[in-house]
Each structure stands twice: as C-alpha cells, then as structure tokens.
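**Student:** what would the 3D arrangement of this be:
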Amino acid sequence: MVSQRILSFALVLSLAGSLFGLTHTAMAAEAPECAPSATLDTRIEAVLAKADRPAKQRANDANRLSETRFVLDHVKPGDHVLDLGAGGGYASYLLSAAVCSGSVDSQNPQKWDVDFKALPAREEMAAARPNIHLVQSDFDKVPMPATPYDVIFIGTIYHDTYNEAGHDAVTMDKTLLATLKPGGLVILTDHRTADGVGAAATDTLHRIDKATVLADFKAAGFELVEDNDSLANPADDHTKNVFDSSIRGHTDRMALVFRRPLH
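**Tutor:** Numbers count the residues shown, from 1 in each chain. Have a look, this model is predicted:
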C-alpha cells in the first residue's frame, strides 16, 4: 500500500510541475515577439535583439533586414519550420525566436557541416535554443518529420542544390512537398541571373534564373502565391559573382512564396 507521505510528496511534485508549466508558458507569452497583438516590426526588433545571437551574425543584420522582414511576415508563433541549407544558422536563430512555442529543424548536408566546418557553431546554437533541432541530410533526402512542416525556408541556397552530384530539382522539390502540411509554405530567396541563363551560373556566379525556379516548383506540384520585389536591385547587372565586394549584400534577389495545395 502506498503511504500517505508518498502520496503527499507526489501531490507536491505534481503541483510544482503544474506551476512551472504555467510559469514557463506565461514567460513565453510575455516575450514581445510571441504576444498575440505583436506587430511585424515588434517581432523583428525582438528577434534581432536576442542576446545569445553570435556577434558575427549580428553584423549581417542591416544587410539582411529586408529578407528578415519578408520571411517573418510568413512565419507565426507555433509553426514547425524547416531551414533548408541553414549554413551557420543565421536564419535558424531568427526563426527559433519567431516561432515561440514552435520548433525549427535546421538542415545542412554533411559536406557543409564537415568540409565547411559548420557543425560546431550549429551544435552550439542547438544547445542554446532547445527548439532548434539539427538535421544532416542530402537536400533531396530530408527525413519525413513526425509532424508536417508549416513552413520551409530556402534562403539564397536553392542555386547551391544544383551543384550537388546527381541533383534533380523536381525530385528534391517533390520531397519537400511531401514534408509540408496541405497549405504549407515554401519561402524562397535567391540571387538572380539575367533572364534566360537558366541554371548555367549556379556554380560560377552562385545565381539562378527566376524562371527556372518557378518551373521547378510548378513541376513538383506547388502553387505560386507570392512574387515579391522587396529584394530586387535593378542596378545589379547579374554578371558578377555574388561574393564580389562590389555587389555582395546588394544582389538582385527573387523573393517567392509557394504553397502545397490543400487538395
């Protein structure tokens, strides 16, 4: 028979656990970016202000502000998000705060984690942010999540997928489609080439033709729901490598939103 003392102790633990859960929930709700009435400006300011973000990433905030605004305008608290080709985790940090009680799967190919030495910083990020989970996979072999994604973010790396051995864009995009819930979104930004270049400059200039991206996603079964010009730069002549100091951070970029059809 269970003693009265054990029952009393269990009750205390249960009450304490409930209180902690309520307190934790209340604290999350009090975060400016998580408040139901938070404006986009409030959310962006709060997300960028997080003290645990690496200084090297903070230095990029001004150049990436337009992209951050575009992305967070399509992400909400509670979302389950995949950050595809996360690199060092700049967007993963921002998404982690923006989804509040949600979660972020931060994906890199093994080559990026090992050869480009991205893994240590990513492991540090995941330790600092419990709602970030690291995924290491090929772009076309992203594991099926237990809960479908609400959003997939592909930030200026879609062209890089073309440089992987055996790449098939439509196959990859169909894999991504399967990981999304019906109505789920893909938010994509990338550096543009001149019209008509297709995928010929993905490795040389690190750019891709917008028409190629649109065709890929249409063939995979996605619907285009937004073609935004907030990242456009008409002064970019599309002939320079995106890392050229004269254009870096100011390239002409596409900003697209695709949706998995509801049916």
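**Student:** quick check: residue 234 vs residue 251, distance?
**Tutor:** 12 Å (CB to CB, to the nearest Å). Glycine gets a C-beta too; all of them are placed from N, C-alpha and C.
**Student:** the more surrounded of these two?
**Tutor:** Ranked by neighbour count (other CB atoms under 10 Å), residue 234 and residue 251 place residue 251 first, with 23 against 7.
**Student:** the residue lying closest to that one once chain neighbours are set aside bridge partners, please.
**Tutor:** Among residues not flanking residue 251 along the chain, residue 191 sits closest, at 4.6 Å (CB to CB, 6 or more residues apart in numbering). When assigned by DSSP bridges, residue 191 has beta-bridge partners residue 253.
**Student:** any idea how far residue 160 is from residue 191?
**Tutor:** Residue 191 is 10 Å from residue 160, by CB to CB.
**Student:** joint contacts of the two?
**Tutor:** residue 206 (CB atoms under 8 Å, 6 or more residues apart in numbering).
**Student:** so between these two, which is more surrounded?
**Tutor:** Neighbours per residue (other CB under 10 Å) separate residue 191 from residue 160, with residue 191 holding more: 25 against 20.
**Student:** so the more buried one sits against residue 204, correct?
**Tutor:** No - here residue 191 does not reach residue 204: they are 12.0 Å apart, not a contact under CB atoms under 8 Å.
**Student:** SS state for residue 94?
**Tutor:** At residue 94, secondary structure determined by DSSP: H, G, I helix; E, B strand; the rest coil is helix.
**Student:** next, count neighbours for it.
**Tutor:** Neighbours of residue 94 using other CB under 10 Å come to 28.
**Student:** contact partners for it?
**Tutor:** Counted by CB under 8 Å, 6+ apart, residue 94 has contacts 47, 48, 68, 71, 72.
**Student:** helix or strand for the fourth one, which one?
**Tutor:** When secondary structure is defined using DSSP states H and E, the element that contains residue 71 is helix 61-72.
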